[in-house]
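K.L.:
got a structure for you, letters missing:
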């Protein structure tokens, strides 16, 4: 019956991942290409056209800041300006819809079903092309007053590092050191251009001292950033997700060690875990948000 089924929709810049859920059970999943032409005007229409039928609710996880009232404050990768996509989705489909930031969706999924299961409060950090994060406190996503809660990637570590120009317009932000692009930049800066992030981390794990120095610098920056965030929100645990985190225990242990070096003494004991839900985290979290 459609009255106990929900759609979780993870809207990415290349594709939209969609899952049909009954409770926490994923019944089916599929994807549609993200058509960013004409200011992303076709994206919601394409999503609705792909749905197999009615449902009790849906939620859209989007790559942008979401205000408490559901207003999205620009999604550059989608071509969207300030808009209310959940209202548009409901008007097109007849299905009640909510909207949340994509990192927050992944955070909610990992807190309830993944690497943070068993904890009520976590900081989720997504390490990919950039660095995103989501905050779950007392089992609830925290967006902040302007939808910017959890923007760990833009925590400024070294404003004087003019070689680390960030997309936000500042210098020395966390993501310039420990995102995939940041790690590649550090390797090139150390005289090893042309390597991708996986090659760098794999080479470090295999015993290359030069590459390990790059990974150590990345993990040091990430540990400092997480320590700063934990001094503010004091989560029970931190969960690392995204492509870079697939380096596994080798990477996690280095980040944990860096965190322990920089953490406020009352935050020592906060453990860092790896995410477990992979690419399904966004659509899963969106579905959970629709059910709340």
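P.N.:
Ah, there it is. Since we're looking at a predicted model, the values are computed, not measured.
K.L.:
tell me how this protein divides into domains.
P.N.:
2-104+280-291, 117-276 (automatic domain parsing).
K.L.:
now these as a markdown table including mean neighbour count, distance to residue 110 and mean pLDDT?
P.N.:
For the C-beta atoms, the positions are set from N, CA and C on the backbone; glycine is no exception. Converted to a markdown table, the domains of the chain look like this (neighbours: other CB atoms under 10 Å; distance: least, CB to CB, whole Å; pLDDT from 0 to 100):
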| stretch | mean neighbour count | distance to residue 110 | mean pLDDT |
| --- | --- | --- | --- |
| domain 2-104+280-291 | 19 | 6 | 96 |
| domain 117-276 | 19 | 5 | 96 |
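K.L.:
beta partners for residue 22?
P.N.:
Note on residue 22: beta-bridge partners by DSSP bridges are residue 5, residue 25.
K.L.:
how about the strands in the stretch 51-200 of the chain?
P.N.:
In the stretch 51-200 of the chain, the segments counted as strands under DSSP state E, counting those that start in this stretch are 57-62, 65-66, 72-75, 80-83, 97-101, 122-127, 131-137, 140-141.
K.L.:
can you list the domains of the chain in a markdown table and add distance to residue 111?
P.N.:
Conversion of the domains of the chain to a markdown table gives the following (distance: least, CB to CB, whole Å):
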| stretch | distance to residue 111 |
| --- | --- |
| domain 2-104+280-291 | 9 |
| domain 117-276 | 4 |
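K.L.:
contacts only, for the residue nearest the centre of the chain.
P.N.:
The chain has residue 103 as the residue nearest its centroid, 3.1 Å off, counting by CA atoms, centre = their mean. Residue 103 makes contact with 124, 126, 132, 133, 134, 150, according to CB atoms under 8 Å, 6 or more residues apart in numbering.
K.L.:
apply 10 Å and report the result again.
P.N.:
The contact partners of residue 103, taken as CB atoms under 10 Å, 6 or more residues apart in numbering, are 61, 63, 124-126, 128, 130-135, 141, 150-153, 241-242, 281-282, 285.
K.L.:
how about residue 197?
P.N.:
By CB under 10 Å, 6+ apart, the neighbours of residue 197 are 127-129, 179-184, 187, 215, 218, 243-244, 246-247.
K.L.:
what's stretch 259-268 in contact with?
P.N.:
Contacts of stretch 259-268 (CB under 10 Å, 6+ apart): 219-220, 222-235, 238, 269-272.
K.L.:
among these, which lie within strands?
P.N.:
238, 271, 272 (DSSP state E).
K.L.:
picking up where we left off before, now the residue nearest to the centre of the chain. Nearest residue, chain neighbours left out?
P.N.:
In space, residue 103 comes closest to residue 132 once its chain neighbours are excluded; the distance is 3.7 Å by CB to CB, 6 or more residues apart in numbering.
K.L.:
ok, now residue 111?
P.N.:
residue 136 (4.4 Å).
K.L.:
end to end, how far does stretch 174-193 reach?
P.N.:
End-to-end span of stretch 174-193 (CA to CA, to the nearest Å): 21 Å.
K.L.:
swap that for stretch 80-90, sorry
P.N.:
Span of stretch 80-90 from end to end, CA to CA: 17 Å.
K.L.:
what residues does that stretch touch?
P.N.:
With CB under 10 Å, 6+ apart, stretch 80-90 has contacts from 7, 9, 11, 36, 39-41, 43-45, 47-48, 57-60, 62-64, 66-67, 69-75, 78, 95-100.
K.L.:
how about 6 Å then?
P.N.:
Under the criterion CB atoms under 6 Å, 6 or more residues apart in numbering, residues 40, 44, 60, 70, 71, 72, 73, 74, 97, 98, 99 lie in contact with stretch 80-90.
K.L.:
how close does the nearest residue to residue 249 once chain neighbours are set aside get to residue 178?
P.N.:
For residue 249, ignoring the flanking residues on the chain, the nearest one in space by CB to CB, 6+ apart is residue 274 at 7.6 Å. Relative to residue 178, residue 274 is positioned 15 Å away (CB to CB, to the nearest Å).
K.L.:
next one: residue 193
P.N.:
19 Å.
K.L.:
same check, this time on residue 190
P.N.:
15 Å.
K.L.:
contacting residues for the closest residue to residue 106 other than its chain neighbours?
P.N.:
Leaving aside its sequence neighbours, residue 106 sits nearest to residue 281 (CB to CB, 6+ apart; 3.9 Å). By CB under 6 Å, 6+ apart, the residues touching residue 281 are 106, 109, 110.
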